[in-house]
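Visitor: generate a structure from the sequence data that follows.
(2 chains)
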Amino acid sequence: MAHDTSFTNQNFKMVGQRRPRPDGVDKVTGRARYGADVSAPGQLVGAILRSPHAHATIKKIDVSKAAKLAGVKAIITSADLPDLTNGNRGMFDILENCMARGRALYDGHAVAAVAAIDAPTAKKALKLIKVDYEVLPHVTDVDEAMKPGAPIVQPHIRTSGVEPPPKKASNISQITNFGHGDVEAGFRAADVIVEKSYKTEQTHQGYIEPHACLASVGPDGQGELWVTTQGHFVFRNTCATLLGMEIAKLKVTSSEIGGGFGGKTHVWTEPVALALSRKANRPVKLVMSREEVFRATGPTSSTSIDVKIGAKKDGTITGASASLRYQDGAFPSIWGMLGAMTAFACYDLKNVKTTGYDVLVNRPKVAAYRAPSAPMAAFAVESTMDQVAAKIGMDPVEFRLKNAASEGTLSSYGPTYGPIGIKPTLEAVKNHPHMKAKLGKNQGRGMACGFWFNFGGQTCSDINLGADGTVSVTIGTIDVGGSRASMSLIAAEELGIAYEQVKCTIADTSSLGHNDTTEGSRGTFSTGMAIIFAARDMIKTLRERAAKTWGIPVDDVEWKDGKASAIGAKHKKLTPLSLANIAASAAKTGGPIAAHNEVVADGAGVSFASHICDVEVDPETGATKVIRYTVIQDAGKAIHPDYVEGQFQGGAAQGIGWALNEEYIYGADGRLQNAGFLDYRIPVCSDLPFIDTQILEIPNPGHPYGVRGVGETSIVPPLAAVGNAVSNAAGVRMTHVPMSPPRILSALKAQRTG
Amino acid sequence: MRYAAPLTTKEAVSLLANAKGKAFVLAGGTDLLVRMRGDYIEPDLLVDIKRITATQDIKKSANGFRIGASVPCAALNENAGLVKAWPGVVEAANLIGSDQIQSRCTMVGNLCNASPAADTIPAMVAAQASAVIVGPAGRRTLAVEKVVIGPGKTSLKKGELIEAITLPKRPAKSGDAYLRFIPRTEMDIAVCSAGVNLTLDAQGVVKAARVALGAVAPTVVLVPDAAKAIVGTKLDSAALERLAKACEAACAPIDDKRGTVEFRTEVAGVLARRAAKIAYERAGGK
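Guide: Sure thing, here's the model as predicted:
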């Protein structure tokens, strides 16, 4: 757990300390309230009827029998959710995903919903709803969906990004191109070229807490929503728009969150719960089952990727290209584009070209999953990088170092980089004892690099001084990774007080201005920035109040070590005033002491990581055991190193699961076969080794403390790091993720039989 | 739904025999409750057998062991005599689910759930275990391999329940072992599995053998050809290879979300080979 602070030259007192998180005791004792933990008087239980078909026309929905069942208080279909999206296609897609409108687009698509007095009644009612389907041909594979003649998922889609604009409907919603230079000339200049195709299967974020909410809408048009979410302000805006409510009249409160990883950035059942509540005029609690979470929330894309890299014998890459085909599920998005943007972002390339395809299939709408789209692109590129290195006889770390991007590099997706950490992470890999450890029989080592953009966005925060001198920090970005502890450290740092003197709370949507969703690794970066600025404002007020108390000019008051002190010999009889002193006389000096800051946090620094992985592969069964794993990542500045390490380890754990065993398995009928944790295999504790971490700090000039987001980059390298390790251990190149035992065994067999 | 917790097997049998609608026996509940909560079944009657004395303990006699139907799998591990005599059966029972599951689940429940992938069945079949069945017509004993007749189906008649499992007396120089393949390290279901039970002669030559495979056919299969392949040998590599081939030949698996035909067939042979070596060592072979 190395923590290298050599890049840092600030003298922090609080920032960088490992303090207990304020939500810790409640979470370990079970007192913390998650999405399903709140109830209201008179509440009903909501349940959703879902399509068993991958693609079907809904000819008729007969709810008459269900409506007659005693205890059923409301039944809704898409007729109860009229289109109020005013031509906003993106918003309409959300509406259609929440409740099918004449067509079921995937196995699990919501078709109708009921609210009843209890769960057994609600379940019984669902069984009494008769849906008349006409089953349509379906497509679930990304490559199949691109072929001419494939069943069309969304007939209104015309491929964007091609000239002239096509007239025929296609499953390819957009084609995007990135890069610079002349790749063909680059390949001609190469001594060796490796060209390879890869596939990755669809995975789910696997958060342990299912989606859950308690919705209440009254006849006066006012409503409340308690919900597990990564962004309650965005949920409020979306739900209000879809239901025709005024934004200020819908109060959304975020619960504690049992994992999100991007999957809780989108609404799924919340508009349905609100519509049920409005119709029943009773509060409605709606909790998804695990099966529903798998079938009808937002996993990440399955992909099919071609990569070509050419290099000189000295290791210089002369040309690199990739074609990246990502499925978006049944609704168009930008996942293929993000894959194309991130693919070669680690490298300084003269000639580079990537093309991203966003492809529709009859699967659930794809949502963000931790550095969405980057892990698959990295798997394809970093696997190819290893093969090029092998072909020219160069060490894979040296090969990457030779081509790594640095400050001033024109990135493959457009911007020119500021100070970045890819080279330092590679140097750290080179020097890490892990790289020198001996390997045993059937063992192999692999490493890989990863990149993520990071995001800033809109944030506002409050700081309020309590009458006893304690400090309330109120934020609007929900805490999914320990950010309340980090925010408290930042407030304590700025105010010069103890960590224990600060309490950080997440406000509901009626108590604070808009905050963007906790996504894009933005929580600590952007909210931390708002708190720094708010705290500096508060110090100004505190100095003014002290000056007023003493009757001296404010310029004679400085803020030092958590106290207002009068400067200069003439004031030497004035005892410094603590927060408690100033708070106690606030009524006489101008009233409550509060500070606020709102900011569009630009300047999120990009983030890089390099991972090292050792595995042992059983050649007779294809079983892989990860025996050692090391994460090295640039954090810019680690505010709370425990939670930075937690992010590093969590991303690696999810990536290892994805690399080895996790996948959505669809039958020929287009139905999901493994909608549960038994057969959708996320790693259990005993599947993973201790994941070692090393934090590097290359300050981000876009943040007062140098912070870069750390939440996502850690999932980018693992598919490739594990893939390179498995390929080295098994002696056969693995190109299909997950590298499950049957895939490894059949690759070994294919190699034996030539 | 009615719930009953009778104190005698006779009473339980009477409840089951006279039940109208769907009746289920409840022991640990680790399969039954999951199926109820997942809406796969809607029972009209649950007969909880945990209060029946005859189901509650492990007894050793001159004829071997008798394990009651409501003895949780974790308790097998705590019985030193049983662990010594039948380590393969005990290890199979202690691979199911997690520690929490093992403290509730039972071998008889595992048997009556009748999954092709049940962990205890191949080990019990290799061990020549029998089921003590009680029903309206009285009491009978049936070889474990005859209890399950298809996925989810048993040969038990209406009103019958299994009161206990018996394991035969152990000859000297005997050993058994059970191995399964799962992609994870725990909390998973066998993709394929193998139970091997051996008795050696004084020279360490295999005198008797039973080999059973799981998850490679609609029911657990006993593979006499696999046993033949190693009887009369000291498990030299040629014998082990013949054992693996015989196992592969006995496989009739399906392709599904848990594994392919090819994978299951090949790995069943590998597991049988590895389990045979462990059983051989446990029997005192060198």
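Visitor: show me the helices in chain B, by range?
Guide: Along chain B, the stretches classed as helices by DSSP state H are B:9-17, B:32-37, B:73-77, B:80-85, B:87-93, B:99-102, B:107-113, B:120-126, B:224-230, B:237-250, B:261-282.
Visitor: what's the closest of these to chain A?
Guide: Distance to chain A, taken as C-beta to the nearest C-beta, is lowest for helix B:261-282 among these, at 4.1 Å. For glycine as for every other residue, the C-beta is placed from the backbone atoms N, C-alpha and C.
Visitor: I'd like the distance between the residue of the stretch 301-450 of chain A found nearest chain B and residue A:614.
Guide: Going by C-beta to the nearest C-beta, chain B is nearest to residue A:442 of the stretch 301-450 of chain A, at 14.0 Å. Distance, residue A:442 to residue A:614, by C-beta to C-beta, to the nearest Å: 11 Å.
Visitor: give me every residue in the stretch 551-700 of chain A lying close to chain B.
Guide: Residues of the stretch 551-700 of chain A that fall close to chain B, judged by C-beta under 8 Å from any C-beta of the partner chain: A:620-623, A:660-661, A:665, A:673-674, A:678-679, A:681, A:683-684, A:686-687.
Visitor: who wins for most neighbours among those?
Guide: residue A:660 (30 neighbours; other C-beta atoms under 10 Å in any protein chain shown).
Visitor: surely that one touches residue A:738?
Guide: Yes - the pair residue A:660 / residue A:738 is scored as a contact, 5.5 Å apart, by C-beta atoms under 8 Å.
Visitor: what confidence value was assigned to the residue of the stretch 101-250 of chain B found nearest chain A?
Guide: Chain A sits closest to residue B:185 of the stretch 101-250 of chain B, with a gap of 4.2 Å, by C-beta to the nearest C-beta. Here the pLDDT value assigned to residue B:185 is 93.
Visitor: quick one: contacts for it?
Guide: A:684, A:686, A:687 (C-beta atoms under 8 Å, 6 or more residues apart in numbering or on different chains).
Visitor: closest to chain B among the residues you listed?
Guide: Nearest to chain B, judged by C-beta to the nearest C-beta, of the contacts of residue B:185 is residue A:686 at 4.2 Å.
Visitor: in three-state terms, label the closest one for me.
Guide: Classification of residue A:686 using DSSP: H, G, I helix; E, B strand; the rest coil returns helix.
Visitor: now it. Nearest residue, chain neighbours left out?
Guide: Spatially, and ignoring its direct neighbours in sequence, residue A:686 is nearest to residue B:185 (4.2 Å; C-beta to C-beta, 6 or more residues apart in numbering or on different chains).
Visitor: same check on residue A:139?
Guide: residue A:145 (4.6 Å).
Visitor: spell out the secondary structure type for residue A:547.
Guide: Quick answer, by three-state DSSP: residue A:547 is helix.
Visitor: can you count the residues close to it?
Guide: 18.
Visitor: ok, it - contacts?
Guide: So residue A:547 contacts A:553, A:554, A:556, A:557 (C-beta under 8 Å, 6+ apart).
Visitor: look at the one residue in the stretch 51-200 of chain A that gets nearest to chain B and give its secondary structure.
Guide: Minimum separation of the stretch 51-200 of chain A from chain B (C-beta to the nearest C-beta) falls at residue A:123, amounting to 6.9 Å. Following three-state DSSP, we place residue A:123 in the helix state.
Visitor: OK, contacts around it?
Guide: By C-beta under 8 Å, 6+ apart, the contact set of residue A:123 is A:47, B:39.
Visitor: what's the pLDDT at it?
Guide: The per-residue pLDDT reported for residue A:123 equals 95.
Visitor: same question, residue B:39
Guide: Reported pLDDT for residue B:39: 85.
Visitor: skipping adjacent residues, who's closest to it in space?
Guide: Residue B:39's closest residue in space is residue A:123 (C-beta to C-beta, 6+ apart), at 6.9 Å.
Visitor: for chain B, what are the nearby residues on chain A?
Guide: A:123, A:291, A:620-623, A:660-661, A:665, A:673-674, A:678-679, A:681, A:683-684, A:686-687, A:740-742, A:745-746.
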